[in-house]
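Engineer: have a look at this prediction, sequence included:
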Amino acid sequence: MKYLIARNLFLLAIAVSLLACASTNAEAADYYGGITTLPYAFQTQTGADDAVQHLFIYEYADIHAENFGAEGLSLHFAGWGRYDAKESFDDPGVNGEEAQEPDQPGDADLTSAYLRWRGIDGLVDVHLGRHFISAGVTVENMDCIDLILKPFRGFALQAFGGAPTFSKIGQRDGDLGAGGRASYRYYQYLELGASYHYFLEDEEFDRQNIGGDFFIAPSQYLDLIGHVFYDVLFREVYDAAAHMNFYVVTDMRIRGGYSRVMPQSYLGKMNYFSVFSAETIDKIEGDLSYTFNRRVRVLGDYTHYSYDEADDAERLGGGLEILWGVLRDNVLGGGYKRLDKDDNGYDAARGYLFQNLGPKLHVALNSTTYFLDEKIQNEDIAFDGDMSLGFKPTPRFIIQATGRYRSTPFLVDDEVQGLLKIAYNVERGL
Amino acid sequence: MRKILHQSTLRFFLVATGVACAFLLVTVSLSDAKKGQGEKEIHAMHLGDSVEAECTMCHVEKPKDKGVLSVFPMIASCKNCHDDAGKLGYRQQKSKRRDILFSHADHIGIGKKCADCHRGKEKTQVEIPDHDSCRACHQKDLSELRCVKCHINWGAIDMKTLSSFTHENDYLKRHADFARKSAATCAQCHTENYCLDCHAKHAGIKPGLKFPEKVRGNTIHRGDYISVHKMEARTDSSTCLKCHGVNACQTCHARRGLSARSTTTAFTHPDGWVVPGSKNHHGVKARQEIVSCASCHNRGGKGDCRTCHTAANGINPHPKNFGGGLSKSHPMCAQCHK
């Protein structure tokens, strides 16, 4: 709990000092950011007369200061915290046994905190601190230094080194890693990239991967995107994918793709966001969308899964959307999808609506009903529906109330939930 | 009781959807604005040598929006010169183009003239500004691809490569491919914390709940996902594990009393778990679903498997017909074969 408070106070202090600094030196910095508070309450019906209540309060905050002290220098912070104001630990759990009580009544995470400098007309881009690295084979949140250079037109070089903040297995303590990506881009037609990274644990290689990625758009009607990732330690390709977008006419798009995920040894620690599978999964997938008169959109998708040992599985679905409004951001839509697997499957029907009720008010409705092939707890239907009403008195402020009802056989519960969202965005000087 | 609640809720959503449909039809039918006509001729008439009107004589400030010039002149403006304005046959139209964030007032405020941006080849031509017009001042924004500074609606831009960023259909599934190559492009609209709201060690709240108004977002885990998560996980565990570490299973299952680590006895391995030859033998399951094992037994090979599977215990960790073929330096082999 002390750790939680300390981290929140740290974040708060940074945010306040940034705001103070920016406001006292109006010419020096442009800043923007947001604060979102989410009180989230729900009641779970655990029996005819029994119910438990929960109340969580989430706080999200991010603040960014551009031209902070010098042109091209910027400072960025983001994080979130959760306080469990009312968490039911007398939850009877399953079969009347008590559930385990968590260690602390809340949680928090400082997700990013870094200094950035972009200079020499964008040819140099440096990050220092905790930030998200997304570069070819690497997808990590790291405490590191990250340097991006664009020495010639189309060429980009990225190199980073530091400590990852977490892994799939758990918190990383003392791990170190480095890597980079080199890429070449020819206008909007082509991009080729090669990437590499390694991570150490106890001074031994924990992960070492090489990746190649491509984007090719030979004509305005076609583009291809894909990647291949290779595990150097296990000497095997563990992830490969290629997808194609085919733009038949302006408002029609057909996409097709193939991907293969191969098993990696669990004994090697993994990149947190990398794919990982116990067996080889081959996926052939495609989807289609066509928009009539920019108002009516038809959607369809299909995926076929092949496995080493188990029987094949299929997923298919379709939908219809009607769009309206100046920005076509009002929508009424519905869809149906089916997952067919040898040992189980389900159908899902969904309907949704978003409607601006004027410049400051909007309403959203959403409901999904699942029809399960095999009963769970003697039920073969699950349902979830929610309704939101949002009020935006100024462009920077929104308050939104959401009610939700859920009937889930998995938990043998009915749930009524309420979520209040209060978001305030600040921006100055940009 | 539950059935009644269920039915009444379904009924509520059906009625609400019906009302929404009716509202939709009315809205769509009313929102069809008429197309513009004769724009070139009108400009030629007013900007020729014989008239030489100023732009702001017709495109006056909107009464309700201070600093915003009316794209389509109001009849009242015509009356400044035309006594018979009502007989001109001109009807003011509504501007539909709101997908660009632009302030005439700001530009005029810094001394820009209309013709600086709305320049045509001829004096009487008025063009909608293109990127070259903007480049005169916004060179840096263009070179750094800060498109979103003006283009607030990607869907309205008919640029080929940007069409991928309209986030339609199953974009959620594909966004990683684009982000790996073009994180800077994502940053046009999204700050880094937008990624990390989901891609964090433990996301605070699931996106479908945090953004209930984004009904088109195809956000994963919308609805009662928990009822079908087992099926989804068995269909494509790799997708789950892109975001959820193996500990995510254990943490939640323990909380629900569905784990060997929990204090309950609700979870047990099936019959035949340690009986060689059984279809439920843990060796078979481990090869098929090592991730499920690892959600509880997460000390790695040294800590879990090798506790039993050692030559000293007389248990061969290799599967039947194991032919070797791997180098002893292979990390898997090196767990035992030093």
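Structural biologist: Yes, it's here. Numbers count the residues shown, from 1 in each chain, chains lettered A, B, ... in the order given.
Engineer: buried residues in the helix or strand hosting A:Glu191?
Structural biologist: Assigned by DSSP states H and E, A:Glu191 belongs to strand A:190-201. For strand A:190-201, a neighbour-count test (16 or more other C-beta atoms under 10 Å in any protein chain shown) marks A:Glu191, A:Gly193, A:Ser195, A:Tyr196, A:His197, A:Tyr198, A:Phe199, A:Leu200, A:Glu201 as buried. Heads up, the C-betas are built off the backbone N, CA and C, glycines and all.
Engineer: same question, stretch B:62-80
Structural biologist: By neighbour count with 16+ other C-beta under 10 Å, stretch B:62-80 contains the buried residues B:Leu69, B:Ser70, B:Pro73, B:Ser77, B:Cys78.
Engineer: contact partners for the first one?
Structural biologist: Pointing back at B:Leu69 there. Counting by C-beta atoms under 8 Å, 6 or more residues apart in numbering or on different chains, B:Leu69 touches B:Thr56, B:His59, B:Val60, B:Glu61, B:Lys62, B:His104, B:Ala105.
Engineer: how about the last one?
Structural biologist: Contacts for B:Cys78 were tallied using C-beta under 8 Å, 6+ apart; they are B:Cys58, B:Ala85, B:Leu88, B:Tyr90.
Engineer: gap between the nearest residue to the second one once chain neighbours are set aside and B:His118?
Structural biologist: I take that to be B:Ala85. Leaving aside its sequence neighbours, B:Ala85 sits nearest to B:Cys78 (C-beta to C-beta, 6 or more residues apart in numbering or on different chains; 3.9 Å). Plainly put, B:Cys78 is 20 Å away from B:His118 if you go by C-beta to C-beta, to the nearest Å.
Engineer: can you check A:Ile399 too?
Structural biologist: Taken as C-beta to C-beta, the span from A:Ile399 to B:His118 is 40 Å.
Engineer: that older thread, adding pLDDT, secondary structure and distance to chain A, write the contacts of B:Leu69 out as a markdown table.
Structural biologist: Formatted as a markdown table, these follow (pLDDT from 0 to 100; DSSP: H, G, I helix; E, B strand; the rest coil; distance: C-beta to the nearest C-beta, whole Å):
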| residue | pLDDT | secondary structure | distance to chain A |
| --- | --- | --- | --- |
| B:Thr56 | 77 | helix | 25 |
| B:His59 | 81 | coil | 20 |
| B:Val60 | 78 | coil | 22 |
| B:Glu61 | 75 | strand | 20 |
| B:Lys62 | 73 | coil | 15 |
| B:His104 | 77 | helix | 18 |
| B:Ala105 | 74 | helix | 16 |
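Engineer: state the next helix or strand along the chain beyond the strand holding A:Glu191.
Structural biologist: Trace forward from strand A:190-201 with DSSP H and E and the next one is strand A:204-219.
Engineer: for stretch A:319-334, the distance to its chain's centre please.
Structural biologist: How far stretch A:319-334 lies from its chain's middle: 24 Å, per C-alpha atoms, centre = their mean, to the nearest Å.
Engineer: dump that stretch to PDB, restricted to CA.
Structural biologist: Output in PDB follows, covering the C-alpha atoms of stretch A:319-334 (Å, rounded to 0.1, in the frame of the first residue of the first chain):
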ATOM      1  CA  GLY A 319     -22.500  -7.400 -39.900                       C
ATOM      2  CA  LEU A 320     -24.300  -4.400 -41.200                       C
ATOM      3  CA  GLU A 321     -23.800  -0.800 -40.200                       C
ATOM      4  CA  ILE A 322     -25.700   2.300 -41.000                       C
ATOM      5  CA  LEU A 323     -23.900   5.600 -40.600                       C
ATOM      6  CA  TRP A 324     -25.200   9.100 -40.600                       C
ATOM      7  CA  GLY A 325     -24.300  12.600 -39.500                       C
ATOM      8  CA  VAL A 326     -21.900  15.100 -41.000                       C
ATOM      9  CA  LEU A 327     -18.900  13.000 -39.800                       C
ATOM     10  CA  ARG A 328     -20.800   9.800 -40.200                       C
ATOM     11  CA  ASP A 329     -20.000   9.100 -36.600                       C
ATOM     12  CA  ASN A 330     -23.600   8.100 -35.700                       C
ATOM     13  CA  VAL A 331     -24.000   4.400 -36.200                       C
ATOM     14  CA  LEU A 332     -26.600   1.700 -35.900                       C
ATOM     15  CA  GLY A 333     -25.100  -1.700 -36.400                       C
ATOM     16  CA  GLY A 334     -25.600  -5.400 -35.800                       C
END
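Engineer: thanks a lot, catch you later.
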